[in-house]
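K.L.:
Requesting a structural model of the entry that follows:
(chains A and B)
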Amino acid sequence: MSAQVSTEHSLQVRGVTKQYGDFVAVGDMSFDTPSGVVYGLLGPNGAGKTTTLRMINNIIMPDSGDILLLGKYQPGPEAAKHIGYLPEERGLYPKMKVRETLRFFGTLRGLGNKPALHQADSWLERLKLSDWRDNNVQDLSKGMQQKVQFAAALIHDPELLILDEPWSGLDPINAEVLKDIVAAQKDAGKTILFSTHLMDQAETLCDYVCIMAKGRKAVEGRLDVLKRETAAEGLLHLALATPDDESRARSEVLASPTVDSVRDENDGMVVQLADGESPDKLLAALVAANIGIRRFELQQASLHQIFVDRVGALADADQEGRLADD
Amino acid sequence: MIRQAFIIARREFLERVRSKWFAIVTILGPIGMIAAVVLPAYLSVRSAQEGFHVQVVDLSGRDVAGMMDIDLDAKGVSFKLENVPPDTPIHVLEERIRVQEIDGYLLFPKDTLAGGEVKYRGDNASNLLVTKGLRSLVDFAVFRARGTEMGLGELQIASLFQKVDFDPKHTTGQGVATSATASFVVGYVVMFVLYIAIFLYGVAVLRSVIQEKNNRVVEIMISSVRPLSLMLGKVIGVGRAGLLQLTLWGLMAALIVGFREEVLGLFGIPGAGTFEMPRIGAYDFAVILIYFFLGYFFYAALFAAIGAMVNSEQEAQQAQTPVMLLLIIPVLCVQIVAGDPRGGIAEVLTQIPFASPVLMPMRYLYDAVSPAEIALSIGILLVSLLGAVVLAAKVYRVGILSYGKKPSLREVWTWIRS
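P.N.:
Numbering: from 1, shown residues only, chains lettered A, B, ... in the order given. Down below sits the predicted model:
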């Protein structure tokens, strides 16, 4: 089908704003999705994720700002030939045959008749739906319909795959199927952009994230870098070799001013160091006291934590702003 | 854009043509047509054979009742007349009607020959054929009695009242004159079929738009194609199905009319072949189809816009009323056009874009319209059609995604102006 479009960024969003009356659904939103990565657009419900994705897919027009797809397309039917889109509100024509459905969406997005049928058959085989290809969509179970929807979004082998809350409403089996598809697309060098409010899914899949809140960008970047940068300073997991080690540690080391607080967790404890104290000092003290250590691990910030941190900060700022207005 | 519109049109066409309802309606249509041809003929033959039982009270003293000639052509209705004694009380006759022993009674008053009022009371007096038939029987009997009174002989009377042949045919000086009744019927049937087809398929577009909203496919569609392509695709696809159905009906109608003697013969009704039908040639059929397609397109665009504005078929029922009215008004005007196809009102009506698709083919079939008029009306219709499509596309583009709430008229107006 289409020639391989090579560009550094599959998607560039620049200062995009969408307002409904006085309500700012998306405000001055900018982010870049590098090619070949899995990119998560995160945020609570109402953050403006779907509005952003709809603008990228030419379903609604931004009031201002620019969107550049695959380095050369504005949102529109031409760009759509290179984009696979799975909307949040999913649906198919109930009285259309499964294979026809896939061919229809394939040809709409630029495939010829024969290649579309060929692709349809290979997707149906891959998703184990070949026996159903001549059934009407409405005869299929909900789970099977979801698979047909995945195939419909991917039939034209798009460079960029955009999924809006893809895991909502999926049964666990199809959730796995979708994860595999995302992984396979990434392996094939495609770019995947998806929105979700489920941090666990994003954490396991994303290379990059952009967190939105109240229509604005809160933070954007590589997930591993963000994790390193964010919070968690001075928070560590500690597990000791024996109960004796543990009681000695509590009385001899952890009671010192180096440590701010200690909280039990199911396997050991979580230690919060006092401001300005380094973990090395605590480790040295434990070793000096000859206490047996089973686990000593600096805690990395979870995506959830980054989320709470950044979105919370934005919410606070918003609160202050409002107070200032008053 | 065009390619995508045709992909969408193909889908709409196939979905419609493959549904069992398409087959059912396509077959039932002609059965309805056969019924329209056969039933009236069949029923009139049957009731004519049965005849109405009428008792006659003759107070004239001149045996007017005896001069009624039941062999006379009584407009296809037959009567079984029975004289009863002049002193039979009215209430007895009324009772006989009540228990359905007779259908009615006829009363010749004493001064019948001097212009007295002849009365008929019966349970079938609401039937125009019955009153017309009785009237001619009574007229003839009274005229005959008066003639006898004047001393005329039987031969003279017969010559005086010999039936005058009268032959009304429709012509406008262009082409062959055709049976007046048949012309009217064919024009009327074509008008009605056009109205029904435009209406049915226009509403089909409306429903298709709403269904696409309800099953949420619309979002993926709008992300893939321009809203105008989507709308045009729908209108073309549904229209193709309509055109196919109309063509099939036309062929079947031609067959039925061509073989009407045989068809009627199956039901034991002879002589239908003498009924002279106006000829509808391929050229006429083309004119009818052009008006169907343009009229359908005009209305379908409006229906599509309505569909984009609403979220459910219940909401649509109200919102579509203005468009329905536009379509119903020309049907209400059909008598004006049929009654005076070359009159000024007919000329104006058949140039108005929302009326011409339904009324112009009828005028055309009456040979009452010049080629220039047809060209003008098609031109006006085309321009309005483009206007309607542009207008509808604007409403459609914004409305199609605004599910959840119904837009106010003011909002729709801003969509149109944007």
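
K.L.:
helices and strands of chain B: which one has the lowest mean pLDDT?
P.N.:
Using mean pLDDT, DSSP states H and E, the weakest-scoring helix or strand in chain B turns out to be strand B:178-179, at a mean of 67.

K.L.:
Can you identify the element that follows it toward the C-terminus?
P.N.:
Per DSSP states H and E, the first helix or strand lying C-terminal to strand B:178-179 is helix B:180-214.

K.L.:
Tell me if the very next helix or strand once past that following helix is near chain A.
P.N.:
Next along the chain after helix B:180-214, taking DSSP H and E as the criterion, comes helix B:217-224. Yes: using C-beta under 8 Å from any C-beta of the partner chain, helix B:217-224 reaches chain A at B:Val217, B:Val218, B:Glu219, B:Ile220, B:Met221, B:Ile222, B:Ser223, B:Ser224. (Glycine included, C-beta is placed from N, CA and C.)

K.L.:
thinking the first one is in contact with A:Tyr93, fair?
P.N.:
The reference is to B:Val217. Yes: using C-beta atoms under 8 Å, B:Val217 is in contact with A:Tyr93, at 6.0 Å.

K.L.:
wait, doesn't A:Ala301 sit right on A:Asp224?
P.N.:
No: shown here, A:Ala301 and A:Asp224 do not form a contact pair, counting by C-beta under 8 Å, at 10.7 Å.

K.L.:
Looking at these two, which is more packed in?
P.N.:
Neighbour count, other C-beta atoms under 10 Å in any protein chain shown: between A:Ala301 and A:Asp224, A:Ala301 has more, with 19 against 11.

K.L.:
Tell me who's in contact with the nearest residue to A:Gly234 once chain neighbours are set aside.
P.N.:
With sequence-adjacent residues excluded and distances taken as C-beta to C-beta, 6 or more residues apart in numbering or on different chains, A:Gly234 is closest to A:Leu273, at 3.7 Å. By C-beta atoms under 8 Å, 6 or more residues apart in numbering or on different chains, A:Leu273 lies in contact with A:Gly234, A:Leu235, A:Leu236, A:Thr258, A:Val259, A:Asp260, A:Pro279, A:Leu282.

K.L.:
Can you tell me the element A:Thr33 falls in?
P.N.:
strand A:23-34.

K.L.:
in that strand, what counts as buried?
P.N.:
By neighbour count on 16 or more other C-beta atoms under 10 Å in any protein chain shown, the buried set for strand A:23-34 is A:Val24, A:Ala25, A:Val26, A:Gly27, A:Met29, A:Phe31, A:Asp32, A:Thr33.

K.L.:
nearest to chain B, of those?
P.N.:
Ranked by distance to chain B (C-beta to the nearest C-beta), those are led by A:Ala25 at 13.5 Å.

K.L.:
just how off-centre is the strand holding A:Thr33 within its chain?
P.N.:
Taking C-alpha atoms, centre = their mean, to the nearest Å, the mean C-alpha location of strand A:23-34 is offset from the chain mean by 16 Å.

K.L.:
cool, and stretch A:224-238?
P.N.:
That offset, for stretch A:224-238, works out to 20 Å (C-alpha atoms, centre = their mean).

K.L.:
for the stretch 51-200 of chain A, what spans make up the strands?
P.N.:
Shown for the stretch 51-200 of chain A, the strands assigned by DSSP state E, counting those that start in this stretch span residues A:64-69, A:83-86, A:160-164, A:191-196.

K.L.:
ok, now which ones touch B:Ala316?
P.N.:
Residues near B:Ala316 by C-beta under 8 Å, 6+ apart: B:Leu206, B:Arg207, B:Ile210, B:Ile306, B:Gly307, B:Val310.

K.L.:
can you confirm it is in a helix?
P.N.:
Yes: under DSSP: H, G, I helix; E, B strand; the rest coil, B:Ala316 falls within a helix.

K.L.:
what comes up buried for the helix or strand hosting B:Lys394?
P.N.:
Assessed by DSSP H and E, B:Lys394 sits inside helix B:371-399. Using 16+ other C-beta under 10 Å as the test for burial, helix B:371-399 gives B:373-374, B:377-378, B:381, B:384-385, B:388-389, B:392-399.

K.L.:
what do you get for stretch B:141-148?
P.N.:
B:Ala141, B:Val142, B:Arg144, B:Ala145, B:Arg146, B:Gly147, B:Thr148.

K.L.:
before we move on, the earlier item: for chain B, state which of the contacts of A:Leu273 is nearest.
P.N.:
Closest to chain B out of the contacts of A:Leu273 is A:Leu235 (43.0 Å), distances taken as C-beta to the nearest C-beta.

K.L.:
Hmm, the closest one is touching A:Glu297, no?
P.N.:
No: between A:Leu235 and A:Glu297 there is no contact, the gap being 10.0 Å when judged by C-beta under 8 Å.

K.L.:
Same drill for these two, tell me which one is more crowded.
P.N.:
The residue with more neighbours, out of A:Leu235 and A:Glu297, is A:Leu235; 18 against 11, by other C-beta under 10 Å.

K.L.:
Chain neighbours aside, what residue packs nearest to that one?
P.N.:
A:Gln299 (4.4 Å).

K.L.:
Next, count neighbours for the one you found.
P.N.:
Count around A:Gln299 with other C-beta under 10 Å applied: 16.

K.L.:
residues contacting it?
P.N.:
Shown in contact with A:Gln299 (C-beta under 8 Å, 6+ apart): A:Ala232, A:Leu235, A:Leu236, A:His237, A:Val270.

K.L.:
what bridges to the third one?
P.N.:
The reference is to A:Leu236. Beta-bridge pairing of A:Leu236 under DSSP bridges involves A:Val271, A:Leu298.

K.L.:
Count the residues that sit near the residue in chain A that chain B sits nearest to.
P.N.:
Residue nearest to chain B within chain A: A:Gly91 (3.1 Å; C-beta to the nearest C-beta). Neighbour count for A:Gly91, taken as other C-beta under 10 Å: 19.
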